[in-house]
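K.L.:
when you get a sec, could you give me coordinates for this:
(4 chains)
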Protein chains: 2
Amino acid sequence: MARNKHPEETVRRILDVASRLFMEKGYEHTSIQDIIDHLGGLSKGAIYHHFRSKEEILEAVTNRMTAESNLLLAQIRDSKVGSGSEKLQRIFKMSIQRPVQEDIFTFAPDFRNNPKLLSSMLLDTVDHVAPDYILPIIRQGMADGSIRTEYPEALAELIMLVANIWLNPMTFNSSVRETYQKVMIFGQMMKGLGLDLLDQEMVDRITDLTALYQEHK
Amino acid sequence: MARNKHPEETVRRILDVASRLFMEKGYEHTSIQDIIDHLGGLSKGAIYHHFRSKEEILEAVTNRMTAESNLLLAQIRDSKVGSGSEKLQRIFKMSIQRPVQEDIFTFAPDFRNNPKLLSSMLLDTVDHVAPDYILPIIRQGMADGSIRTEYPEALAELIMLVANIWLNPMTFNSSVRETYQKVMIFGQMMKGLGLDLLDQEMVDRITDLTALYQEHK
DNA sequence: AAATTACATACCGTCGGTTGGTATTATATA
DNA sequence: TATATAATACCAACCGACGGTATGTAATTT
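P.N.:
Below you'll find the model as predicted:
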């Protein structure tokens, strides 16, 4: 195959294929050869020219997955309008409304067979999402009086773990009924922590999303 | 090496070595050859005589790790004395007090480098611990009036995920201060869900445990 | 004595990754 | 603008280590 004048196109193709396969078959059950076979004529040398290792491919895949979400998170965090607790609510609304979710759902991954992907999302939530995006908002809420807590770091972590991992229907492949229950319990939990975030619109939306996910399986 | 008249001894030795290596180096970075090398004279054929695959070894390792804990959980669940919420409190006291915890801590694993182990503990919590041990207790609590909820399944899952995974200092390698924060937030969360489980004794104990874990690192 | 068990040894295909090369493109220079 | 040079994008052949298997054998059980 002739060399490509636009190598970023090749990188994109590799990541497209890798994403799909990692989701479908799991990271550990996807070989480099699998990726090559689905790329149509590209060689192993080409892949290792663009990526240092299989792990680096996974990193790029997850980075691309979370990049858009992180952009929106940063926007809300840095916005000048709204109290801390209002911003938190905006985040949850966004996370279940933005269309990219539906794209991801068409992959219909299942983290039960994907320990590596599960753990990398978990660690990303704990290491970056919570401290970089949620914590500043909680601190802002403490300053403006809309959030009251003595332990903002732990609160940020707990909220995002529950919302990003436990509530995510992909993670544990929950049914509509199970996800509905989870959302309601999440709402109660947040209320118990002094944050009244959930409204009916959000509950409905999550139920819809879960049904969509089930269809695509 | 001559064949052993007591093969269960060999199985135990394999599991001992595998446990240690899986904890120390991670499942994926431990090869069968590694296990053989640390067994002193045993061959690959021997291992594959007792286990069908590397995965099956991991399964046996985690089963052995959780077996003792599950026994105690079943005891509390089936006990005739105490309300549902009292039993829940007993479970948390137990989980941070029983000596086996300290044994595990001397291994000082780090789930950050062990996605497979992390995910298998996570799934075990969701698939077995929550539905088989916690849910019956919550149902009992609903019957005796000590627990009020509309979504017992989701509540059981959330409680155990937070307590077993998030609070576990191994999982995210938390410092004493971080763990303390987490315990306090956990207590608030439970209170918010209508369950007043935490007392000062438990907070102190967890702080001690975390310090112990840090020393052994 | 026959069958089963508990191993050892040698081997297999596949894996992630490397090496050395080549054609193409971008860049520097005159 | 033409040309030399350097950098890039890729290919093909190869490597050691991996998880797992086939076959054999001596000890034990039945």
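K.L.:
C-alpha only now, for contacts and for neighbours.
P.N.:
Will do.
K.L.:
next secondary structure element downstream of the helix or strand of chain A with the lowest mean pLDDT?
P.N.:
Least confident helix or strand of chain A, by mean pLDDT, DSSP states H and E, is helix A:100-107 with a mean of 51. Moving toward the C-terminus from helix A:100-107, the next helix or strand (DSSP states H and E) is helix A:115-124.
K.L.:
list the buried residues for the following helix or strand past that next one?
P.N.:
For helix A:115-124, the succeeding helix or strand toward the C-terminus, using DSSP H and E, is helix A:135-144. Within helix A:135-144, the residues scored as buried using 16 or more other CA atoms under 10 Å in any protein chain shown are A:L135, A:P136, A:I137, A:I138, A:R139, A:Q140, A:G141, A:M142.
K.L.:
and which of the residues you listed is nearest DNA strand C?
P.N.:
Nearest to DNA strand C among the buried residues of helix A:135-144, counting by CA to the nearest atom of the strand, is A:L135 at 34.4 Å.
K.L.:
wait, isn't the closest one in contact with A:A156?
P.N.:
Yes. Counting by CA atoms under 8 Å, A:L135 touches A:A156, with 5.4 Å between them.
K.L.:
name the nearest residue to the residue in chain A that chain B sits nearest to, ignoring sequence neighbours.
P.N.:
Among all residues of chain A, A:G192 sits closest to chain B, at 3.5 Å; criterion: CA to the nearest CA. Take A:G192 and drop its neighbours on the chain: the residue closest to it by CA to CA, 6 or more residues apart in numbering or on different chains is B:G192, 3.5 Å away.
K.L.:
wait, doesn't the one you found sit right on A:F186?
P.N.:
No. B:G192 sits out of contact with A:F186 when judged by CA under 8 Å, with a separation of 11.0 Å.
K.L.:
got any residues that touch both of those two?
P.N.:
Counting by CA atoms under 8 Å, 6 or more residues apart in numbering or on different chains, no residue touches both B:G192 and A:F186.
K.L.:
with neighbour numbers in mind, choose between those two.
P.N.:
A count of neighbours by other CA atoms under 10 Å in any protein chain shown puts A:F186 above the other of B:G192 and A:F186, at 23 against 17.
K.L.:
residues in contact with the one helix or strand the more buried one maps to?
P.N.:
According to DSSP H and E, A:F186 maps onto helix A:176-192. With contact meaning CA under 8 Å, 6+ apart, helix A:176-192 is reached by A:159, A:162-163, A:167, A:169, A:196-198, A:203, A:206-207, A:210-211, B:151, B:153-155, B:188-193.
K.L.:
for chain A, which residues are neighbours of chain B?
P.N.:
Neighbours of chain B within chain A, by CA under 8 Å from any CA of the partner chain: A:112, A:115-116, A:118-120, A:123, A:151, A:153-155, A:158, A:166, A:178, A:181-182, A:185, A:188-193.
K.L.:
and the helix or strand hosting A:E201, how far from the chain's centre?
P.N.:
Using DSSP H and E, A:E201 maps to helix A:200-215. Here the centre of helix A:200-215 is set off from its chain's centre by 16 Å, with CA atoms, centre = their mean, to the nearest Å.
K.L.:
looking at that helix now, give me its mean pLDDT.
P.N.:
The average of the pLDDT scores along helix A:200-215 is 78.
K.L.:
then stretch A:177-192?
P.N.:
In this model, stretch A:177-192 carries a mean pLDDT of 92.
K.L.:
pull the distance from it to the chain's centre.
P.N.:
On the basis of CA atoms, centre = their mean, stretch A:177-192 sits 19 Å off its chain's mean C-alpha point.
K.L.:
next, the buried residues of that stretch.
P.N.:
By 16+ other CA under 10 Å, the buried positions in stretch A:177-192 come out as A:178-192.
K.L.:
circling back: and DNA strand C, which of the contacts of helix A:176-192 contact it?
P.N.:
For DNA strand C, no contacts are drawn from these by CA under 7 Å from any atom of the strand.
K.L.:
filter those down to the buried ones.
P.N.:
The neighbour-count test (16+ other CA under 10 Å) marks A:159, A:162-163, A:167, A:169, A:197-198, A:203, A:206-207, A:210-211, B:153-155, B:188-193 as buried among those.
K.L.:
gap between the residue nearest the centre of chain A and A:I14?
P.N.:
By CA atoms, centre = their mean, the mean C-alpha position of chain A lies nearest to A:T66, the distance being 5.7 Å. Separation of A:T66 from A:I14 (CA to CA, to the nearest Å): 17 Å.
K.L.:
so where is chain A shaky, pLDDT-wise?
P.N.:
A:1-3, A:98-109, A:213-217 (pLDDT under 70).
K.L.:
picking that back up, which element is the residue nearest to the centre of chain A on?
P.N.:
Using DSSP H and E, A:T66 sits within helix A:54-78.
K.L.:
off-centre distance for that helix?
P.N.:
Remark: helix A:54-78 is offset 8 Å from the chain centroid, using CA atoms, centre = their mean.
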